[in-house]
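[1] A predicted structure for the sequence below; I have some questions about it.
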Amino acid sequence: MTSTDAPPRLTRLTFHGPLSEARATRIVARAAEALTAADRPTVLDLGCGWGELTLRLLDAAPAATAVGVDLNEEDLERGRDLARARGLADRVEFAAESATDTARGPADVVLCLGSAHTLRPADAAPPHTADALRALRRLVRPGGRVVLGEGFWERTPTAAELAALWPDARAEEHLLLGDLTDAAVAAGFRPMWVETANAEEWEEFESAYLADVEVWLAANAGHPRAAEARERADRHRATWLRGYRGLLGIAYLTLVPVD
C-alpha cells in the first residue's frame, strides 16, 4: 500500500498505549523476575496487538516462550515481523483468536494491557474489572506476575464530562484508582507495583496515534478517502482534548497472585 492509497496505521507508535520507554523498561524488569525463577517460563499476552512488551520480556528472559492472542490480523502480522527481525520468531506465537474464555495458560507472566474488557462475560454489566481480574487470577501460575494496564477515573465524571466522551459513556465503566487496586486484592492478588501514565506519556501516545493520518491528510486532501479519515481524526482529537484528557487515567499494576 502506498502513501496515497490510504492513511498509514500507527507506524509511529512503539506501544499501543501511553507508555514511555523508561516505564516499559521497569515493568519488564519486574515481570521478568517471575520468568527467571521458573523452570519453563511462559508469557501469555491477552489482546497483544503487536506484542512489543512480550518481545522485550523474551529478550530479558532467554529461556522463555510466549503466546499473544488478538483479533486484529494486521497487528499480529506486525508482531510476527518484529519477532523475525529480532530473532525471536521461534519463541513466540501470535494467534488470531479471542481472549474471552481463552484456553491458553496458565503462564508465569500474563500481560493484559488495555484489554481487560475482552475477559468479561458477554452479559456482564460494567465495570468489568472484577470479572477480568478473576480471569487473570486463573491464568497466572503461583509465583508469577500479572501486568494489568487498565483505565481508571481520575475523579468521578460529571454528566457534562461524560457527554464529551464516546457514545453512551457511563461513570460505571471505570473505577477510581484506589477501587481498582482494591479489586485486584479482592481477586487474589497483592499489588507489587502501582503506577500511572503521566501527562507526557498521554501526549506522546495521542499525538503519535494521529500523526500518520494527519501527515497523510495534509498531502492528500482531495483523496476519495480523505473526508472519512479527516472526520475520524478530528473526532478522536476532540474526544481526547475536550473529553478524557485529565479525566481518564491509565494504571499499570504489577500483581502477584496470593498462594
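    Looks like it arrived, so ask away.

[2] and the residue nearest to Pro257 when sequence neighbours are not counted, what are its phi and psi?
    Excluding the flanking residues, the one nearest Pro257 by C-beta to C-beta, 6 or more residues apart in numbering is Val140, at 5.2 Å. Where you see a C-beta, it was placed from the backbone N, CA and C, and this is true even at glycine. Here is the backbone geometry of Val140 (degrees, to the nearest 10): phi -110, psi 140.

[3] pretty sure Val140 is touching Arg104, no?
    No: judged on C-beta atoms under 8 Å, Val140 makes no contact with Arg104 at a distance of 11.7 Å.

[4] Once you drop chain neighbours, what's closest to Trp193?
    Distances taken as C-beta to C-beta, 6+ apart place Thr254 nearest to Trp193, at 4.0 Å, with adjacent residues excluded.

[5] which ones are touching the one you found?
    By C-beta atoms under 8 Å, 6 or more residues apart in numbering, the residues touching Thr254 are Ile27, Arg30, Ala31, Arg145, Val146, Val147, Pro191, Met192, Trp193.

[6] That one should be in a strand, yeah?
    Yes: counting by DSSP: H, G, I helix; E, B strand; the rest coil, Thr254 is found in a strand.

[7] got a pLDDT number for it?
    On pLDDT, Thr254 comes in at 98.

[8] just Thr2 next, same as before
    If you check Thr2, the pLDDT there is 48.

[9] cool, and Asp168?
    89.

[10] Can you classify it by secondary structure?
    coil.

[11] Give me the neighbour count for the residue nearest to Ser115 when sequence neighbours are not counted.
    Closest residue to Ser115 apart from its sequence neighbours, by C-beta to C-beta, 6+ apart: Gly47 at 2.6 Å. When neighbours are defined as other C-beta atoms under 10 Å, Gly47 has 23 of them.

[12] Which residue ranges of the stretch 151-259 of the chain form strands?
    175-176, 189-196, 248-257 (DSSP state E, counting those that start in this stretch).
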